[in-house]
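[1] Everything below, folded, please.
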Amino acid sequence: MKFFSSPDFKPVSKQMFHIAIPIAISGLVLQVQSLIDTAFLARYSTSLPDGALLSGSEILSAVGNVFFPYLVALSFIWSISTGVVILVSQRLGANEPASARRYAATAIKFNTLLSWLVYLFWFFFAKQVFTLMGVHQPILTLSLDYMRFLSLELLYLGLSTSIGAVFQGAGNTRPEMIAGILRSLLHICLDYLFIFGNFGLPEMGVAGAGMASSLSGLVACLGLLSVLLTSKNLPFKINLKTVFWAPMRDYWTVLKVGLPVGVEDMLWNLGNLVLAYFLNLLNAEAVGIYRLVYQIEITPIYFYSGLARSVTTLVGNRTGERNLPGAQEVARIGSFYTASFCLLFTTAFFVLPKQIISIFTSDSHLIEKAAPLLVITAFTMIPRAINIISGHAIRGYGDTLWMLATQVFGILFIISFSYLLMFPLGLGMYGLFIGMFSDETIRGIINTVRFYRGETSIFHKAPVVENEPVSLEVA
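    Now for the predicted structure:
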């Protein structure tokens, strides 16, 4: 009761949900779009030149083999933008909007250039990446067709993620929500048209799914850019001239804070690539089954990811204010809401696994294979949620290096432990999901202890940047 009677409970909760609800809605709509995308592909089949028919599970395997390596690139760019969130929130907490504006403009410019470089990598080396993963024909050709169109979104990804980070750092996530809803609704419509060739359009299959993703994302990005340039709800104003002339020296500060987060997420997804390789060693359908379960299990994350990201913003504000007790209170409140929420999904996944999976596929074989794995996932959700909230709180302090260190440990642990369970002990896919549960539990404990026992040293070393002469006036 003392927790609920705290004078900070209601005002912090109000601030938290003001930031979190738009992010959660945006993420939820995105997840619904992803699940519908998966359902479309699971029901799609295509014939090869030799007359052989590829089933829905094989189509999902092709998409799954693209999904995990491509997520390495996406998460790297997304995560570097976390540095923007931290720096903008800290500078605004310190009442220095000019400095916040400078870092925002710099990140928009150079993150865009970075995403162009990543696009060139996938343009030239996609086949080599999939070959190293152990992808074979005919799945390889489908994977390359999908990637050819999907990777076009890298041309604007740095721009869109940076703009979203600027709004989040300022505590205004409503534009991100509107853009996310627009993108998801358009994506679903384009999926229906391009995958199956409806309304006279050519049937593109998996390539159509990639095209739908790129086009819908471009429309949403242009909408976000328009809002940024005209918004009156930011404590500073950015225009295209500001972005064009943003100096490289400020980007090093953004990278100093954001790069460890980018490397952290990249390592996590590289770990997923190794796990996907393990699954390909089992059989051709294993990656497709894993992707189906993965898409379902991350649905709760989209609900509470808004809370986690609001924790980063609010802890960053209080770090800028040098308000350590307030930062700790934010993390405790965020943990309370997240754990309570995950308990509901844990119960649903445990009690109704087959019914939940059958929403997304009618393939009885897929349902039977995936249902036990979803049950194991049910017990992974709460430790994963605690790990995510603690990690975002630590990032709000500015200590992104600690999270990188624990991720390195986590990758080494889950790869070695999952391999042991999957192959020498013969547990197959069950071994992978048991390994994931163990990894999230151990790191959740480590990061929570770090936050509540090591917070003082972190706080005093938080990378709050000192005032510098500012050449760009605040409008």
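
[2] Contacts only, for V118.
    Contacts for V118 (Cβ atoms under 8 Å, 6 or more residues apart in numbering) come out as 73, 76-77, 154. Every C-beta, even on glycine, is put in place using the N, C-alpha and C of the backbone.

[3] If you count neighbours, what's buried in the helix or strand where it lies?
    Per DSSP states H and E, V118 falls inside helix 97-132. Of the residues in helix 97-132, 97-112, 114-115, 118-119, 122, 126, 129-130 count as buried by neighbour count, 16 or more other Cβ atoms under 10 Å.

[4] Show me how far it is from its chain's centre.
    Centroid separation between helix 97-132 and its chain, computed with Cα atoms, centre = their mean, to the nearest Å, is 16 Å.

[5] Tell me the buried residues in whichever helix or strand comes after that helix?
    Note on helix 97-132: by DSSP H and E, the next helix or strand toward the C-terminus is helix 139-150. Under the neighbour-count criterion of 16+ other Cβ under 10 Å, helix 139-150 has 139-140, 142-147, 149-150 buried.

[6] Between which two of these is the distance greatest?
    Across those, the longest distance by Cβ to Cβ is 17.0 Å; it joins I139 and F149.

[7] Quick check: T106 vs V32, distance?
    Distance, T106 to V32, by Cβ to Cβ, to the nearest Å: 34 Å.

[8] What of A284?
    28 Å.

[9] Now do the SS call for the residue nearest to I376 when sequence neighbours are not counted.
    The shortest distance from I376 to any non-neighbouring residue, by Cβ to Cβ, 6 or more residues apart in numbering, is to F433 (4.2 Å). Following DSSP: H, G, I helix; E, B strand; the rest coil, the label given to F433 is helix.

[10] Run a quick check on F433 versus T377, I expect a contact.
    Yes. At 6.4 Å, F433 counts as touching T377 under the criterion of Cβ atoms under 8 Å.

[11] Mutual contacts of those two, please.
    Common contacts of F433 and T377 (Cβ under 8 Å, 6+ apart): V293.

[12] Tell me which stretches of the chain form strands.
    Remark: strands assigned in the chain by DSSP state E are 46-47, 53-54.

[13] returning to that earlier point: any of the contacts of V118 buried? List them.
    Here, 16+ other Cβ under 10 Å leaves 73, 76-77, 154 buried among the contacts of V118.

[14] Of those residues, which belong to helices?
    Members of the buried ones among the contacts of V118 lying in helices (criterion: DSSP state H): 73, 76-77, 154.

[15] ok, the residues you listed vs V63, which is closest?
    A73 (15.8 Å).

[16] Which residue comes closest to the closest one once chain neighbours are left out?
    V118 (4.9 Å).

[17] Repeat that for G435.
    Excluding the flanking residues, the one nearest G435 by Cβ to Cβ, 6+ apart is S418, at 3.4 Å.

[18] number of nearby residues for the one you found?
    Residues contacting S418 under the criterion other Cβ atoms under 10 Å number 24.

[19] The one 10 residues further on now?
    A total of 16 residues lie near G428 under the criterion other Cβ under 10 Å.

[20] Surely it is in contact with M422?
    Yes. Counting by Cβ under 8 Å, G428 touches M422, with 6.0 Å between them.

[21] Mutual contacts of the two, please.
    L282.

[22] For K232, give me phi and psi.
    The phi/psi pair for K232 (degrees, to the nearest 10) reads phi -110, psi 10.

[23] Need the per-residue pLDDT for it.
    pLDDT for K232: 84.

[24] Quick check, central residue of the protein?
    S75 (6.1 Å; Cα atoms, centre = their mean).

[25] residue contacts, that one?
    262, 265-266, 268-269.

[26] repeat for F409
    R443.

[27] do you know how far it is from I195?
    Distance of F409 to I195, computed by Cβ to Cβ: 40 Å.

[28] what's the answer for G435, then?
    With the distance defined as Cβ to Cβ, G435 ends up 34 Å from I195.
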